[in-house]
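J.: Here is the input, now give the coordinates:
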Amino acid sequence: MWKTIFFDLDGTITDSGEGIMKCAAYALEKGFGITVSDEALKAFVGPPLADSFMAQGLDSTQAAEAVRLYRERYWPIGIHENRPYEGIADMLGRLKQEGMRLAVVSSKPVDMCRQVLKNFDLERYFSLVVGSNLDGTMTDKAMLIGRALGILGLENEKESAVMVGDRKYDAEGAAKAGIECVAVSYGYGERSELEECAPACIVDNVRELTNVLIWQYREGNGAAIGGTAAAGQGGSFGGQGSFGGRGGFEGQASREALAPGQGGGNVQNAQYEAARQEAAAPSGIWDYGYRKERDESPFKAVIYAVWPTVAACVLVAIITSFTLGILLGLVYGVSGRLSSLKALEIIYRYEYFITSVAYMFALLLLVPLFLGDEKKRRARGYTDRCLIKHPRLAALLIACFVCGMFVAFAVNMLISVTRISSLDPSTYEIFEYVNELSSPVWEVFALVVAAPLCEEIMFRGLLFRRLRDVLNVPLAIVISALAFGIYHGNLVQFVYATILGAFFAAFYEHCGSIIASILMHSGANAFSALYNMVVSKWDVPGIAYVLGAVVCAVLFAAACLVIFRKGRKVNRI
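T.: Numbers count the residues shown, from 1 in each chain. Model (predicted):
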């Protein structure tokens, strides 16, 4: 059974051909005046660079210079001429969910590998990245696989590891290192080239690769695949992908495994031991702390995360002041005088109208920013599950709205029981004046439509998600929730909004769509509007609140079952 999957990078995880081919052409043209065909440039994808340049007639010294020129263009330009193959992020997420350990083993320099993975937000799936050195050493695939086996402590469990790659170098390196290989034909290796190496299996697309890896992991039939191949029987997996015939592989591979000291089985130095411990340590989205590898500068990361929300808050304040100024000016122009009491009455009467206007204008800034983030993430291989495609869409949407109502009820009960409101009695007095003077239509629109749209894009779609880029989930939830609470401006609302903000962010993280948190926020505000306009005017006995709390708890649990059933594949930034 394959528990550890070693992935090649170029031609297997990402379609990097454009960048590699253009950089190779650049190096040959600039350094040696050599022009080669596109077909010849394809040979540069996969093998060590120096070997590919020498295949074009350069000697070792010229090849070293060509590699330097190649990187002269690759670092600033070529590394971005790249994209993940369709379905890669989903596949990696599924393999991690199944419990497999993933690693990248590439002849590309390790720093370049990490940068490519980082560009597409794929590095979080891998426990280990093994690559060559920048000086051109350690490029042999068998040695690299041996190094990965040593770091992960699999020297004596080679049957539990498999190499996935698109070129013969991957299959041959895997055989020499003593592990199986699954070849992918969607990369840059010709199918005939792969068949000659007789891998355990050849698959034609990412879906087939996913099926093979998950099937063998669940069924524990990795050896059976090899056995069928060894018997030379060929065949196929569910009509997807071909099995090659390779007799006596295990014995041959064991004899050709790398000797100690050659990067293979018995690597025991302190560097590898530290890397092994790091790879064995639990990792995942619920780890705490700053992801320094995502950005060299914490200050830059903070600016990146918070500036859209700060800008939106400033814009809301400006528009609110401007709208209020117009209203006060109109009243003053008509009456010729404006007392402070009259001004306060106008503020209370038109608060929800002013808020709605400010939020609608703020959306003109927030929506393009949010959609811009979406576009960049999708271009980088970001593939969150879309709520619109959810098989239980109607039930999920209703459950999000209902959960918002129940959470709002529970938090209001908590505030009442703890008597937090007694620390800030003026807040409730202001609420009473506002609810008494304001228009119910504007109150419903502001609370149920305008505020959820604007505040969710502001605090979850931008702030939380950008914090999620540079922090792990719990810390991002806490910080975004605290910012949401501070935004509301008084003690009672701070407590209320902070707790609700944490729920909104958690539901957004689970569902993978801003629609979920908008509906939950809308449900919470709908409860507030209903309470302000109806329930607050009733003489409700205390026991009714207790019974209501019990009913809400049950319904909230039922709604959560609808939302969280089977969990969510987390393929997020």
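J.: shaky segments in the stretch 151-300 of the chain?
T.: 220-298 (pLDDT under 70).
J.: ok, now with 80
T.: 219-300 (pLDDT under 80).
J.: what's the answer for the stretch 401-550 of the chain, then?
T.: 413-439, 468-473, 509-513, 531-550.
J.: All the helices of it, in order from the start?
T.: Assigned by DSSP state H, counting those that start in this stretch, the stretch 401-550 of the chain shows helices spanning 425-437, 440-444, 451-456, 465-470, 473-487, 491-511, 514-533, 542-564.
J.: quick check: mean pLDDT across the longest strand along the chain?
T.: In the chain, with assignment by DSSP state E, the single longest strand is strand 101-109. Strand 101-109 comes out with an average pLDDT of 92.
J.: by contact count, what packs against that strand?
T.: Judged by 3 or more C-beta pairs under 8 Å, 6 or more residues apart in numbering; DSSP states H and E, strand 101-109 is in contact with strand 4-7, helix 88-98, helix 110-119, strand 128-132, helix 141-151. All C-beta spots, glycine's among them, are computed from the backbone N, C-alpha and C.
J.: ok, now with 6 Å
T.: strand 4-7, strand 128-132, helix 141-151 (3 or more C-beta pairs under 6 Å, 6 or more residues apart in numbering; DSSP states H and E).
J.: Other residues contacting the helix or strand containing Glu195?
T.: Using DSSP states H and E, Glu195 falls within helix 191-197. Residues outside helix 191-197 that contact it (C-beta atoms under 6 Å, 6 or more residues apart in numbering): Lys168, Ala171, Glu172, Ala183, Ser185, Ile202, Gly244.
J.: now stretch 446-466
T.: 305, 308-309, 312, 352, 355-356, 359, 362-363, 366, 370, 476, 480, 484, 504-505, 508, 514, 517-518, 521-522, 525-526, 529.
J.: ok, now with 7 Å
T.: 304-306, 308-309, 312, 352, 355-356, 359-360, 362-363, 366-367, 369-370, 373, 476, 480, 483-484, 501, 504-505, 508, 514, 517-518, 521-522, 525-526, 528-529, 573 (C-beta atoms under 7 Å, 6 or more residues apart in numbering).
J.: Compute the first-to-last residue distance for that stretch.
T.: 26 Å (C-alpha to C-alpha, to the nearest Å).
J.: Distance of the nearest residue to Met21 once chain neighbours are set aside relative to Tyr169?
T.: Closest residue to Met21 apart from its sequence neighbours, by C-beta to C-beta, 6 or more residues apart in numbering: Leu41 at 4.0 Å. In this view, Leu41 and Tyr169 are 17 Å apart by C-beta to C-beta, to the nearest Å.
J.: more neighbours, those two?
T.: Tyr169 (22 against 19; other C-beta atoms under 10 Å).
J.: secondary structure class for the residue lying closest to Val470 once chain neighbours are set aside?
T.: Distance criterion C-beta to C-beta, 6+ apart; nearest residue to Val470, sequence neighbours excluded, is Ala301 at 4.0 Å. Put simply, Ala301 is helix when judged by DSSP: H, G, I helix; E, B strand; the rest coil.
J.: Any idea how many residues pack against Ala301?
T.: 20.
J.: right, and it touches Leu467 too?
T.: No: using C-beta atoms under 7 Å, Ala301 is not in contact with Leu467; the gap is 9.0 Å.
J.: quick one, what contacts Ala64?
T.: Contacts of Ala64 (C-beta under 7 Å, 6+ apart): Ala50, Gly136.
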